[in-house]
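Asks: Have a look at this prediction, sequence included:
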Amino acid sequence: MPPVNIRILLPPHLRALAHIKGELHVEVAGTPTVRSVLDALEAAYPMLTGTIRDHVTQQRRPFLRFFACEEDLSHESPDTPLPEAVVSGKEPLLILGAIAGG
Amino acid sequence: MSKVRVLVGTRKGAFILTSDGKREKWDVSGPHFAGWEIYHMKGSPANPNRIYASQTSGWFGQIIQRSDDGGKTWIQPGTPPGEPTTGPGGMPKGESNKFVYDTSAETGAPLTTHQWYDGTQHPWEFKRVWHIEPSLAEPDVVYAGVEDAAIFRSKDGGKSWQELSALRGHGTGPKWQPGAGGMCLHTLILDPGNVKRIYIAISAAGAFRTEDGGKTWKPVNQGLYSQHIPNPAAEVGHCVHHIAMNPKRPNVLFMQKHWDVMRSDDAGDNWKEISGNLPTDFGFVIDVHAHEPETIYVVPIKSDGEHYVHEGKLRVYRSRSGGNEWEALTKGLPQSHCYVNVLRDAMAVDSLDKCGVYFGTTGGQVYCSADAGDNWAPIVRDLPAVLSVEVQTLA
């Protein structure tokens, strides 16, 4: 399977940290999953390492959620293949912060 | 002409306030890292243009920032913008944000548990950096006090961090417990006369001292008395809020405990109470005059429940006798309808003559006194809640 480009939308604070505006794209080899997309994201933007998943356990940080195609992927296995619409580039993978606090 | 640079960490970003030696007119820059909690910023005494900042978030975790130009520009030390994003081996950078408890057989200590609020045991979990303390002599060496309580050190300018695990592995950890803000190592003092001596304080475990650069630690809480713990005179378990030292007299320490203001004249081995005539001896900040080592400052806070200033009046109390006799300093400070708090790292002194005293409030004001506390004026009034204040005196 040739590498595919995955669209990602980050929360505003992480876009600021990575010095990017709007959506970003990462190239993923093999079957795109949340894990492989985050691996590619952290390789391209190492300042994001540890901000989405724990440095050591690789667990999703509790106040962050993963969505795509109006579905919550947060509690899926990180190795579950992403929806076809994300793989094809029709839809982005959304990384959202929980709406809480002031 | 001397200058001062005041580093202010707030709930929603960092601010840098600069003035000349008169300390009357101020330039304000910021917010830096807008929207993030900045628990602490501190400059290197060996290179004042190097400033370290702890940027943190309940959502996104811990970020370490560093400036090498006095706060004009910032980098994450492991990932400078414009440089390759991976190291020579292809491994991603970003190590500067990585605080991992050392559990290795060679240098580490097992990851144990501490007491939780309900008295059960709870695993140690890293949450954030509360306090950054740069080495007095080496700009690339810097210490970090973290929650859950532990001490880390970087020898490469903040690019990577290693735990000094003997503190966490001291053996009393299961008796440590979180205060309202978490189980944080919030005070970290380097002895200017002895590079191997470090003092730290943890809420709520108490004060500890190392004489060998962090290989071994001794609780130094003799004389503390805390009625809210089962054994009020226990070796550990005290909610120490802050400790201050005048660098010219490093054996003398002053402590604001949850309740009680204390002093030690023997490097923490023994403490005695100096609350004297304070209207309440609860508080968070304490600091020492730069040139008069018996002149100390506190801000009494109404507690246990309220955590705002006593009687709606913002008053700094000064003792010129090393404690016990205190005078209220009120000129320029609000004396009615004031209900702010002053958090533990939110007071600092400069080393100009006359000594400047600074503090920030949870109401977003940062006050300066350019005459050792006699008169006060706000530098800024409407920042986000202030978490920390440090000051650099620049030649």
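Replies: Received it, and whenever you're ready, just let me know what you need.
Asks: Please count neighbours and contacts with C-alpha atoms only from this point.
Replies: Noted.
Asks: In contact with the closest residue to B:Ser369 other than its chain neighbours, which residues?
Replies: Setting aside the residues directly before and after it, B:Ser369 is nearest to B:Trp376 in space (C-alpha to C-alpha, 6 or more residues apart in numbering or on different chains), at 4.5 Å. Taking C-alpha atoms under 8 Å, 6 or more residues apart in numbering or on different chains, we find B:Trp376 in contact with B:330-333, B:367-370.
Asks: Also B:Phe208?
Replies: B:199-201, B:217-221.
Asks: Just the buried subset of the residues you listed, please.
Replies: The neighbour-count criterion (16 or more other C-alpha atoms under 10 Å in any protein chain shown) marks B:199-201, B:217-221 among the contacts of B:Phe208 as buried.
Asks: Now pLDDT and distance to chain A too, for those, in a markdown table please.
Replies: Formatted as a markdown table, the buried ones among the contacts of B:Phe208 follow (pLDDT from 0 to 100; distance: C-alpha to the nearest C-alpha, whole Å):
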| residue | pLDDT | distance to chain A |
| --- | --- | --- |
| B:Tyr199 | 98 | 29 |
| B:Ile200 | 98 | 26 |
| B:Ala201 | 98 | 27 |
| B:Trp217 | 98 | 27 |
| B:Lys218 | 97 | 30 |
| B:Pro219 | 98 | 30 |
| B:Val220 | 98 | 33 |
| B:Asn221 | 98 | 35 |
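Asks: What is the nearest of these to B:Ser160?
Replies: Nearest to B:Ser160 out of the buried ones among the contacts of B:Phe208 is B:Ile200 (C-alpha to C-alpha; 21.1 Å).
Asks: Which positions are bridged to that closest one in the beta structure?
Replies: Beta bridges link B:Ile200 to B:Leu188, B:Phe208 when assigned by DSSP bridges.
Asks: re earlier: any idea which of the contacts of B:Trp376 is closest to B:Trp130?
Replies: Nearest to B:Trp130 among the contacts of B:Trp376: B:Tyr367, at 22.0 Å, using C-alpha to C-alpha.
Asks: Bridging across strands, which residues link to the closest one?
Replies: Going by DSSP bridges, B:Tyr367 forms beta bridges with B:Phe359, B:Pro378.
Asks: Next: B:Thr113.
Replies: In this entry, B:Thr113 is beta-bridged to B:Pro123, by DSSP bridges.
Asks: Give me the distance between it and B:Gly119.
Replies: B:Thr113 sits 12 Å away from B:Gly119, going by C-alpha to C-alpha, to the nearest Å.
Asks: For the residue sitting nearest the centre point of chain B, which non-adjacent residue is spatially closest?
Replies: Central residue of chain B (C-alpha atoms, centre = their mean): B:Asp345, 4.1 Å from the mean position. Nearest residue to B:Asp345 in three dimensions, chain neighbours excluded: B:Ser388, at 4.7 Å (C-alpha to C-alpha, 6+ apart).
Asks: Could you list which residues are in contact with the one you found?
Replies: Applying C-alpha under 8 Å, 6+ apart to B:Ser388 gives the contacts B:7-10, B:39-41, B:343-347, B:360.
Asks: Tell me the pLDDT of the residue of the stretch 51-200 of chain B found nearest chain A.
Replies: Scanning the stretch 51-200 of chain B for the residue nearest chain A gives B:Phe60, at 4.3 Å (criterion: C-alpha to the nearest C-alpha). On the pLDDT scale, B:Phe60 is placed at 93.
Asks: Report how many residues lie close to B:Phe33.
Replies: Neighbourhood size, B:Phe33 [other C-alpha atoms under 10 Å in any protein chain shown]: 19.
Asks: Could you do B:Gly305 as well?
Replies: Look at B:Gly305: counted by other C-alpha under 10 Å, it has 6 neighbours.
Asks: That one: what secondary structure?
Replies: coil (DSSP: H, G, I helix; E, B strand; the rest coil).
Asks: Return the distance of it relative to chain A.
Replies: Using C-alpha to the nearest C-alpha, to the nearest Å, one obtains 22 Å as the distance from B:Gly305 to chain A.
Asks: Between the two ends of stretch A:1-10, how far is it?
Replies: For stretch A:1-10, by C-alpha to C-alpha, the gap between its terminal residues amounts to 26 Å.
Asks: same question, stretch B:7-25
Replies: End-to-end for stretch B:7-25, by C-alpha to C-alpha: 16 Å.
Asks: Quick one: check it for contact with chain A.
Replies: No. No part of stretch B:7-25 sits near chain A under the criterion C-alpha under 8 Å from any C-alpha of the partner chain; the closest distance found is 9.7 Å.
Asks: Please point out which parts of that stretch sit buried.
Replies: Using 16+ other C-alpha under 10 Å as the test for burial, stretch B:7-25 gives B:7-21, B:23.
Asks: what does stretch B:148-165 give?
Replies: Residues of stretch B:148-165 classed as buried: B:148-155, B:157-165 (neighbour count, 16+ other C-alpha under 10 Å).
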